[in-house]
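Enquirer: can't give you the sequence, but here's the structure:
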């Protein structure tokens, strides 16, 4: 039996909605696609709203750990696989 996204750790309601809209609704579908491909699909659909935190959360969900526990080497590998150089935040800067 495959678990639905709501049963998985690291994924909040917005992330689960994005994944569902991208056609990824179960743990098995996420595992088959892999964290990077799933993140790229969501990033393509929702653009600037999607940060690297989702990529880390997807990888950690597959690995069965908390996303904040991913080692820096894993995060660097994920960034490289996701498209090269580390991505910067797309949040607008606050004016002072």
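Expert: Good, I have the coordinates. Bear in mind the structure is a predicted one, so any value in this text is a computation, not a measurement.
Enquirer: thought residue 58 was touching residue 35?
Expert: Yes: if you go by CB atoms under 8 Å, residue 58 and residue 35 touch, sitting 3.9 Å apart. Any C-beta I mention is one placed from the backbone N, CA and C, and that applies to glycine too.
Enquirer: and the two? Which one has more around it.
Expert: Under the neighbour definition other CB atoms under 10 Å, residue 58 and residue 35 were set side by side, and residue 58 has more, 27 against 23.
Enquirer: and the helix or strand harbouring the more buried one, average pLDDT?
Expert: Assigned by DSSP states H and E, residue 58 falls within helix 52-63. Averaged over helix 52-63, pLDDT sits at 96.
Enquirer: helix or strand right after it?
Expert: helix 72-83.
Enquirer: buried ones in that next one?
Expert: 75, 78-79, 81-82 (16 or more other CB atoms under 10 Å).
Enquirer: any chance of those residues in JSON lines with distance to residue 47 and pLDDT as columns?
Expert: Listed next are these as JSON lines, based on distance: CB to CB, whole Å; pLDDT from 0 to 100:
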{"residue": "75", "distance to residue 47": "21", "pLDDT": "95"}
{"residue": "78", "distance to residue 47": "19", "pLDDT": "96"}
{"residue": "79", "distance to residue 47": "18", "pLDDT": "95"}
{"residue": "81", "distance to residue 47": "19", "pLDDT": "95"}
{"residue": "82", "distance to residue 47": "14", "pLDDT": "93"}
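Enquirer: got the residues you listed as CSV, with distance to residue 4 columns?
Expert: Shown next, in CSV, are the buried residues of helix 72-83 (distance: CB to CB, whole Å):
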residue, distance to residue 4
75, 27
78, 24
79, 28
81, 26
82, 25
